[in-house]
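[1] 3D model of this:
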Amino acid sequence: MGTHLSRRRFLTSAAAFPLAAVIVRAQAQSAIEPPEKPLPPDPNPVAIDVKARPIPSFDMRDRSHLRFGSLQFRSGLVLSSSFPGFGGLSGLRLDEKGERFISFSDKGSWFTGRIVYQDTESSIRAMTGLADVEAAPMLGPDGRPIAARGWFDSESIALDGSQINNSHVYIGLERVNQVLRFDFSKGFTRSRGELVPMPAAVKKLPYNKGLEALVFVPKGQPLAGTLIALSERGLDADGNLVAFLVGGPTPGPFSVRRTERFDISDATLLPSGDLLVLERKFSLVEGLHVRIRRIPLKSLAPGALVDGPVIFEADLGDEVDNMEGIDAFVTPEGDTVLTMVSDDNFSLIQRTLLLQFTLVD
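    Model prediction:
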């Protein structure tokens with residue numbers, strides 16, 4: 001017990017430094033300044049090696065504890081690479097099998113590859129590593145890396161299509177409150193991003209607290225064809241989180257009820273038609289807290305204030321970090337699996353985590 005409490009106090013204190021550094025750096029950094037760790041200017045993808053260390057237990061206080069709200073822990077990895085641009089992962093999207101992935105850093109670079117699994121004694125396919133990982137710079141409309149024009153604060157992703165290599169991929173740029181759409185059928189990660197027209201109110205979102213989550217609603221769901229855009233901490237007159245329905249049958253702004261000072265970090269859509277919203281909060285007193293809310297998609301409408309129950313909560317007593325990405329897929333057995341990824345802020349005392357849970361109810 002003493003060891004766990006001591007480690008928790010250390011992590012709480014240590015986490016303050018990189019998070020505070022990010023805030024200070026964001027305030028001081030010019031909007032046209034290039035990223036600190038740019039990828040080589042060559043737009044061609046490069047193969048990189050990513051090492052993975054397994055996480056034996058999500059709860060550091062009790063290794064037998066597997067159930068966390070509506071989620072049950074399946075497996076987790078700590079990822080690292082000698083590639084200088086690896087890190088800062090702000091989101092991910094998986095294929096229908098939960099194997100092929102596309103991720104990206106907040107420095108404007110793509111990471112693609114495959115999650116490797118292995119069957120366990122408990123009949124759960126556990127993640128064991130990554131394979132075929134490639135990195136490439138995101139390209140803007142002019143064919144240059146977006147970082148060259150100061151568009152490197154890429155923070156959100158949405159996928160229109162079930163096959164990654166043949167989809168339209170949306171990327172939200174928080175620092176400039178813009179959205180780019182990439183047609184992956186035209187060159188995969190070498191495709192050029194085109195600006196997506198967004199509501200004028202998007203440009204008025206606060207600096208460094210703008211677009212943080214994107215979800216594209218597929219056919220067969222309410223609001224099919226709509227791009228859902230959620231701000232990290234853009235607040236309306238009542239202190240709730242500003243969000244937008246872009247395109248689709250009923251475009252317009254709406255709000256997500258803000259409670260307990262949590263900010264939005266990502267979202268994904270379940271096949272059932274529920275929106276899962278990943279949230280976090282951090283303070284020197286309380287430390288880091290992460291949670292997921294489940295919001296019915298049918299409740300989203302222009303002018304609506306939406307809310308939903310919390311189905312998952314975690315803190316620094318668990319294997320969490322700066323959790324910034326979430327996605328879902330369904331196994332052949334019918335299990336809904338949630339995958340989360342963390343942004344290490346390119347800090348030596350933070351980690352890139354890849355976590356998977358089964359949605360139990």
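[2] find the nearest non-adjacent residue to Val242, please.
    In space, and not counting its chain neighbours, Val242 is closest to Gly234: 3.9 Å by Cβ to Cβ, 6 or more residues apart in numbering. To be clear about C-beta, it is placed using only N, CA and C from the backbone, and glycine gets the same treatment.
[3] so for this protein, the centremost residue is which one?
    Gly325 (1.9 Å; Cα atoms, centre = their mean).
[4] now that residue: which helix or strand?
    Using DSSP states H and E, Gly325 sits in strand 323-330.
[5] contacts only, for Leu71.
    Neighbouring residues of Leu71 by Cβ atoms under 8 Å, 6 or more residues apart in numbering: 292, 311-312, 338, 357-360.
[6] among those, which are located in strands?
    292, 311-312, 338, 357-359 (DSSP state E).
[7] farthest-separated two in these?
    Ile292 and Thr358 (13.4 Å; Cβ to Cβ).
[8] where do the contact lists of the two overlap?
    With Cβ under 8 Å, 6+ apart, Ile292 and Thr358 have common neighbours 71, 338.
[9] gap between Asp62 and Leu79?
    Going from Asp62 to Leu79 by Cβ to Cβ, to the nearest Å gives 25 Å.
[10] which one of those two is surrounded by more residues?
    Shown here are Asp62 and Leu79; by other Cβ atoms under 10 Å, Leu79 has more neighbours (22 against 11).
[11] so in terms of bridging, what pairs with that one?
    Ala52, Thr352 (DSSP bridges).
[12] I'd say it and Leu130 touch.
    Yes - in this structure Leu79 lies within contact range of Leu130 using Cβ atoms under 8 Å: 6.9 Å.
[13] quick check: Ala126 touching Leu77?
    No - between Ala126 and Leu77 no contact is recorded; they are 9.4 Å apart, counting by Cβ under 8 Å.
[14] burial of Ala304, as a residue count?
    The tally of other residues near Ala304 (other Cβ under 10 Å) stands at 15.
[15] next, format the ones in strands among the contacts of Leu71 as CSV and append neighbour count, distance to Asp238 and pLDDT.
    Shown next, in CSV, are the ones in strands among the contacts of Leu71 (neighbours: other Cβ atoms under 10 Å; distance: Cβ to Cβ, whole Å; pLDDT from 0 to 100):
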residue, neighbour count, distance to Asp238, pLDDT
Ile292, 28, 23, 98
Ile311, 19, 24, 98
Phe312, 20, 26, 98
Leu338, 23, 30, 98
Phe357, 25, 32, 98
Thr358, 17, 36, 98
Leu359, 22, 31, 98
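[16] from those residues, pick the one nearest Phe86.
    Taking those together and measuring to Phe86 by Cβ to Cβ, the closest member is Leu338, at 23.1 Å.
[17] so that closest one sits right up against Val360, yeah?
    No - under the criterion of Cβ under 8 Å, Leu338 makes no contact with Val360, lying 10.7 Å away.
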